[in-house]
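J.: This is a predicted model, with the sequence first.
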Amino acid sequence: MKKKLKYLYDEMMELRRTSWAKKSLLIASFVLILLWIIFNDTFCAFGGLSRRIVLNRIRLATHIHIERASALREVKVEEIPLDNFLHLQPNTTKVQVVSLLANNASLKDNTVDVSPKYKILRQQGLIPSRQLPSALIIGVKKGGTRALLEFLRLHPDIRAAGSEIHFFDHHYSKGFHWYRHRMPPTLEGQLTMEKTPSYFVTPEVPRRVQHMNPGTKLIVVVRDPVTRAVSDYTQVKSKRPELPKFEERAFVNGSNIVDTNWAPLRIGVYARYLERWLQYFPLSQLLFVSGERLIADPVIEITRVQDFLGLKRVISEKHFYFNATKGFPCLMKSEQKAIPHCLGKTKGRSHPYIDPMAIQRLKNFYRPFNQRFYQLTRMDFGWS
Ligand code: A3P
């Protein structure tokens, strides 16, 4: 700038000493030079501002990156609405930032998933966030729901809550925010799941699930209601050994009348509960898994489930082996490390001896309900 002014001064001195024709030529060039100086500096000023904005963007990105890398729970980024952006003070250098995560709530409450599965993604600055489930295993109790969930967890695109959350039956008043925070963190493209078998039989649940998301995919694992009842009874008996014999509890006062007030028997009338669900969801949104086939041929059932959920068929025969001691299929969790994994002792218990007459009476009782269930589901489970 100084040089430019000195040049101008010299030109003016020269002007005093020259003819009029030369003078007008020099004045014109003087005006041109002056204009050049003004414009050049103005552009420099604009250039300076834009450079400052770029620098601040870089600083901000680095700031976010550092915070993520150190696995902090909160990413402190000042978000400015676009309208306000136009009214900033000339000297403040704030930048419009669009959150990289789905919404602000997940920004604040996001817990970084530390499982090795996500190590590479974390290194790339990707942080999983918690979502409401888009698929639920709603029942039935003792149908094989835990086995199905454990099998599904092998899929890299599925993340499922480990325990039964009981949101739609016991904790509904706590709200969806509470529910979402019981879910595991997921990355974009991953599916969140939960299983609570009592959902299938609880009257308020279909309406509540529909309210959360009418597109929720629903999976029901069903099993011969008689075996299911015995399994249910075996579980209760393991906690309350004083419980009377199954046959004594199943029939009213030693008669032939089935005691449908008794929960282990009531739950087996699947058609009744399904009719309620079908008032809120189309059949196409429900998948019925055969509990028997889940034991005899888990690959067939798990393939059906993966297809239903719109996922790649990742879980296959190489993930299963039959454990003769347990008498159930168990999992090979990793292809690299051959670590077998069977379900715990409470899954696959041996059942007590039940009088075959009682079993036959119960089969007769359930037959019409099973037929109705086959009609509704358009599937024959072969229980009769
Ligand atoms: P039993 O223990 O009566 O045999 P849920 O998980 O819904 O409570 O169902 C438990 C039932 O899952 C078990 O009932 C068992 O029959 C069945 N099951 C299905 N596949 C299994 C597996 N791979 N390992 C253990 N149990 C399995």
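T.: In hand now; what should we look at?
J.: interface residues of the stretch 101-250 of the chain facing the ligand?
T.: Residues of the stretch 101-250 of the chain lying near the ligand by Cβ under 6 Å from any ligand atom: 141-147, 197, 231, 234. Backbone N, C-alpha and C define where each C-beta goes, glycine included.
J.: try 5 Å
T.: Within the stretch 101-250 of the chain, the positions near the ligand by Cβ under 5 Å from any ligand atom are 142-147, 231.
J.: repeat for the stretch 251-384 of the chain
T.: Proximity of the stretch 251-384 of the chain to the ligand (Cβ under 5 Å from any ligand atom) is limited to residues 295, 328-329, 343, 347-349.
J.: how about a cut-off of 6 Å?
T.: By Cβ under 6 Å from any ligand atom, the residues of the stretch 251-384 of the chain that approach the ligand are 294-295, 328-329, 343, 347-349.
J.: Need the buried ones from those selected in ChimeraX.
T.: Buried residues among these (16 or more other Cβ atoms under 10 Å), as a ChimeraX selection:
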select :294,295,328,329,343,347,348
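J.: mind listing the strands in the chain by residue range?
T.: Counting by DSSP state E, the chain has strands at residues 129-130, 135-139, 158-160, 185-186, 191-195, 217-222, 286-290, 320-323, 328-332, 340-341.
J.: which ones are touching the nearest residue to T377 once chain neighbours are set aside?
T.: Excluding the flanking residues, the one nearest T377 by Cβ to Cβ, 6 or more residues apart in numbering is F288, at 5.0 Å. Counting by Cβ atoms under 8 Å, 6 or more residues apart in numbering, F288 touches 220-222, 377, 379, 381.
J.: which of those residues are buried?
T.: Looks like those have 220-222, 377, 381 buried, using 16+ other Cβ under 10 Å.
J.: Please pull out the lowest mean pLDDT helix or strand from this structure.
T.: Least confident helix or strand of the chain, by mean pLDDT, DSSP states H and E, is helix 82-85 with a mean of 30.
J.: what about the residue nearest to T377, distance to W277?
T.: Per Cβ to Cβ, to the nearest Å, F288 is found 11 Å from W277.
J.: Now the phi/psi pair for the nearest residue to H166 once chain neighbours are set aside, please.
T.: Using Cβ to Cβ, 6+ apart and skipping the chain neighbours, the partner closest in space to H166 is T196 (5.2 Å). Dihedral angles of T196 (phi, psi; degrees, to the nearest 10) stand at phi -140, psi 100.
J.: What's the local residue count around T196?
T.: Look at T196: counted by other Cβ atoms under 10 Å, it has 23 neighbours.
J.: and the gap between it and the ligand?
T.: 11 Å (Cβ to the nearest ligand atom, to the nearest Å).
J.: before we move on, what about I359?
T.: Counting by Cβ to the nearest ligand atom, the gap from I359 to the ligand is 15 Å.
J.: what's near enough to touch that residue?
T.: Counted by Cβ under 8 Å, 6+ apart, I359 has contacts V226.
J.: what's the burial count for the residue nearest to I267 when sequence neighbours are not counted?
T.: Among residues not flanking I267 along the chain, V201 sits closest, at 5.6 Å (Cβ to Cβ, 6+ apart). V201: 20 surrounding residues under other Cβ under 10 Å.
J.: And the pLDDT at V201?
T.: At V201, the model reports a pLDDT of 98.
J.: List the residues that contact it.
T.: 139-141, 266-267, 273.
J.: how about 7 Å then?
T.: Going by Cβ atoms under 7 Å, 6 or more residues apart in numbering, V201 touches 139, 267, 273.
J.: K347 now?
T.: Here K347 is in contact with 146-147 (Cβ under 7 Å, 6+ apart).
J.: switch the cut-off to 10 Å
T.: 142, 144-147, 150, 231, 235, 326, 328 (Cβ atoms under 10 Å, 6 or more residues apart in numbering).
J.: top of these by neighbour count?
T.: That'd be G144 among these, by other Cβ under 10 Å, with 29 neighbours.
J.: was I right about H166 contacting Y199?
T.: Yes: counting by Cβ atoms under 10 Å, Y199 is a contact partner of H166 at 8.4 Å.
J.: More neighbours: which of those two?
T.: Set H166 next to Y199 and count neighbours by other Cβ under 10 Å: Y199 wins out with 29 against 16.
J.: Tell me how far the nearest residue to R293 once chain neighbours are set aside lies from K245.
T.: Nearest non-adjacent residue to R293, counting by Cβ to Cβ, 6+ apart: E301, 5.3 Å away. Distance of E301 to K245, computed by Cβ to Cβ: 33 Å.
J.: Near R207, how many other residues are there?
T.: Count around R207 with other Cβ under 10 Å applied: 12.
J.: Tell me which residues touch it, please.
T.: 168, 276, 279-280.
J.: hang on, the earlier thing: need the residues of the stretch 251-384 of the chain next to the ligand in JSON lines (columns: pLDDT).
T.: Formatted as JSON lines, those follow (pLDDT from 0 to 100):
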{"residue": "L294", "pLDDT": "98"}
{"residue": "I295", "pLDDT": "98"}
{"residue": "F328", "pLDDT": "97"}
{"residue": "P329", "pLDDT": "97"}
{"residue": "L343", "pLDDT": "97"}
{"residue": "K347", "pLDDT": "97"}
{"residue": "G348", "pLDDT": "96"}
{"residue": "R349", "pLDDT": "96"}
